[in-house]
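Colleague: Let's see this in three dimensions:
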Amino acid sequence: MSLSSWIVQNQNTLYLLVGAFATLGLYSVLYRENRLYRLCEHIFLGVATGYAVAFTWNNVLEPYWFQPMWDKGEWWLAVLLFPGLLYYCVFSKTYNWMARLIIGFYMGIAAGQGFQAFVNDLWPQIAQSFRPLWPHAAYAATPTHKAVPAVTLPQAFANFLFLVILLCVLTYFFFAFEQKNRAVRGASQVGRWVMMLSFGAIFGLTMMARLALLIDRMYFLLFEVGALPWLHTPSGRPSWVIFGILMGLVVLVLVLAHFNKPDRV
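Modeller: You can find the predicted model right below:
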């Protein structure tokens, strides 16, 4: 059996083993930063860059530029090649100013799109901040007004609490004048504590996302890599010998991480 045919036959097993080694190598940074971690990190970044290039070609350039130009005869799209080549002028000391033109052009487009997204995201929030503070029954639609839903007493109290918190948070950001008034200082302090609670909730969500990634990697090591046939006895139970070998590989990774210290940490 040739090497290529053996690789094709055992590619799923190789994928799992390489993934397990890369996972252990990346998690070796929990002990300390080391060359093994940097090697796995650089490999991951290289794979991600290659994937980004392939994704850009398969989903953007080929369907929207190359195929219309080559298959449909829309040769005027070839003009777009020259602005793209201006990016490579950054490597020239004489013509690097040409790269600034195309970079500045796309930075302007990105700034405009960012401002548009900013307005589209914040303007509805400003409109939603105007809430009814008094309970009332529902009003039917008229030729000049839309239908108004009913507001119950709990909803009115929640809207009032929302308004108080909003004003307190806005008071915290009033830097145009010194906050000498006791009520203003108190409202500013309340707004600060409310923001701290919000930041804590955001941090908790971030930790949940990180733990979800950790759980996914542990599931991969225990159930996907652990499901390989040669990790089980003929009765179907996990082999403790193989499990010991895997734990030895973990120890080996930590040892390599210890003795392969980086030049600068």
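Colleague: Provide the secondary structure category for residue 134.
Modeller: Here residue 134 is recorded as coil under DSSP: H, G, I helix; E, B strand; the rest coil.
Colleague: how far away is it from residue 158?
Modeller: For residue 134, the distance to residue 158 (CB to CB, to the nearest Å) stands at 13 Å. In this view, the C-beta of every residue, glycine as well, is placed from N, C-alpha and C.
Colleague: Which one's more surrounded, the two?
Modeller: residue 158 (13 against 9; other CB atoms under 10 Å).
Colleague: What pLDDT is listed against the more buried one?
Modeller: Looking at residue 158, its pLDDT stands at 94.
Colleague: So what does it look like in phi/psi?
Modeller: Backbone torsions for residue 158, taken as degrees, to the nearest 10, come to phi -60, psi -40.
Colleague: how much space between it and residue 147?
Modeller: Going from residue 158 to residue 147 by CB to CB gives 21 Å.
Colleague: Same question for residue 72.
Modeller: 50 Å.
Colleague: Who are the packing partners of whichever strand or helix holds residue 113?
Modeller: If you go by DSSP states H and E, residue 113 is part of helix 96-128. If you count contacts as 3 or more CB pairs under 8 Å, 6 or more residues apart in numbering; DSSP states H and E, helix 96-128 packs onto helix 81-85.
Colleague: now do the same end-to-end measure for stretch 23-42.
Modeller: Stretch 23-42 has an end-to-end distance of 13 Å (CA to CA, to the nearest Å).
Colleague: Could you pull out the buried residues of it?
Modeller: Of the residues in stretch 23-42, 23, 24, 25, 26, 27, 28, 33, 34, 36, 37, 40 count as buried by neighbour count, 16 or more other CB atoms under 10 Å.
Colleague: With secondary structure added, can I get these in TSV?
Modeller: As requested, the buried residues of stretch 23-42 are exported to TSV (three-state DSSP):
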residue	secondary structure
23	helix
24	helix
25	helix
26	helix
27	helix
28	helix
33	coil
34	coil
36	helix
37	helix
40	helix
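Colleague: Let me have those in a markdown table, extended by distance to residue 64 and pLDDT.
Modeller: Formatted as a markdown table, the buried residues of stretch 23-42 follow (distance: CB to CB, whole Å; pLDDT from 0 to 100):
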| residue | distance to residue 64 | pLDDT |
| --- | --- | --- |
| 23 | 37 | 86 |
| 24 | 41 | 83 |
| 25 | 38 | 85 |
| 26 | 35 | 86 |
| 27 | 40 | 83 |
| 28 | 42 | 82 |
| 33 | 42 | 82 |
| 34 | 44 | 81 |
| 36 | 41 | 84 |
| 37 | 39 | 87 |
| 40 | 35 | 89 |
